[in-house]
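Asker: Got a sequence here, can you build the structure:
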Amino acid sequence: MRNFDHNSGEYLDIDGARIYYEVAGNENSPALLVLHGGFGNMEDFNAMLLDLNKEFKVIGIDSRGQGKSTLGSKALTYEQIQKDVERVLEHLNIDTLSIIGFSDGGIVAYRLASLTPLNIEKLVSIGSSWHIKNTEPTRDMFLKITGESWRNKFPATYDAYQKLNPEPDFDFLAQSVIKMWLDSSSSGRPNEAVKNISCPLLIVRGDDDHLLSREAAVELSGLVKKSMLLNIPFAGHVAFEDQKEIFMIILNKFLKE
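Answerer: Reported below is the predicted structural model:
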């Protein structure tokens, strides 16, 4: 499996934006879609993909406004990113797939599994809230975030964005992402619609994750019939990096069975 490299992909024009995607792995293998978190890009999954025990055709998509994808003039919402993903999959003639979503990518994955006719075989979410009420403890923190504060705290994500994005405007992106995080309308998190998720779901949470409480993860596991909860000790929000060995053992077992 080759890494995502932001050189081997293509653009698809969708609703006023240019959405960048790449396909890696074996063309004849089952499809696996990976969806990154806020301010990230598809390369965030490279280390994980190298350690998969099963052959997949892996689809990476840079979410609207992030990575190599442009923002366009439409509001950035989880619903819009969901629609972008659906269009890319339709373009690739894929309707049966598994999904790994981190943070914002997991929220989009919940929407795809709850609200679309896609045949999702397995779903893995990492540090992903599912209901607007999950954001109440962090609302004040989100409201204080600016492009400048994010640049200062996470300079590597800013540098990657500046390097990759064809129409960079980080301050405006930051405003757009914060609005998405706080969106309480139907274009936001799927909320109670997660009950519609019928595929096997692996809910992954780092025990020190400040953005997704243990209670929220447990509640979700009670709402989705075929769900498993992996709460990883000594890991924060980016649990798949903080405790990669534990995460990969469980991920490979989940995707294989």
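Asker: in the stretch 151-257 of the chain, which spans are helices?
Answerer: Secondary structure of the stretch 151-257 of the chain (DSSP state H, counting those that start in this stretch): helices located at 155-164, 170-181, 214-223, 239-242, 244-256.
Asker: got JSON lines for those, with mean neighbour count too?
Answerer: In this view, the C-beta of every residue, glycine as well, is placed from N, C-alpha and C. Rendered in JSON lines, the data for the helices of the stretch 151-257 of the chain read as follows (neighbours: other C-beta atoms under 10 Å):
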{"stretch": "helix 155-164", "mean neighbour count": "14"}
{"stretch": "helix 170-181", "mean neighbour count": "18"}
{"stretch": "helix 214-223", "mean neighbour count": "16"}
{"stretch": "helix 239-242", "mean neighbour count": "21"}
{"stretch": "helix 244-256", "mean neighbour count": "16"}
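Asker: so which of the ones you listed comes closest to T77?
Answerer: helix 170-181 (5.7 Å; C-beta to C-beta).
Asker: Give me the helices and strands touching that closest one, please.
Answerer: helix 139-143, helix 147-153, helix 155-164 (3 or more C-beta pairs under 8 Å, 6 or more residues apart in numbering; DSSP states H and E).
Asker: now the strands for the stretch 51-200 of the chain?
Answerer: With strands called from DSSP state E, counting those that start in this stretch, the stretch 51-200 of the chain shows them at 57-61, 96-102, 119-126.
Asker: what helices or strands is the shortest one leaning on?
Answerer: Judged by 3+ C-beta pairs under 8 Å, 6+ apart, the packing partners of strand 57-61 are strand 17-25, strand 31-35, helix 78-91.
Asker: Let's have the ones you listed in TSV, adding mean pLDDT and distance to S186.
Answerer: Formatted as TSV, these follow (pLDDT from 0 to 100; distance: least, C-beta to C-beta, whole Å):
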stretch	mean pLDDT	distance to S186
strand 17-25	96	21
strand 31-35	98	20
helix 78-91	98	7
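Asker: from the ones you listed, which stretch is densest packed?
Answerer: strand 31-35 (a mean of 25; mean count of other C-beta atoms under 10 Å).
Asker: Let me have the helices and strands packed on helix 170-181 in JSON lines, extended by distance to N191.
Answerer: Putting these into JSON lines (distance: least, C-beta to C-beta, whole Å) gives the following:
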{"stretch": "helix 139-143", "distance to N191": "16"}
{"stretch": "helix 147-153", "distance to N191": "27"}
{"stretch": "helix 155-164", "distance to N191": "28"}
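Asker: Nothing else from me, thank you.
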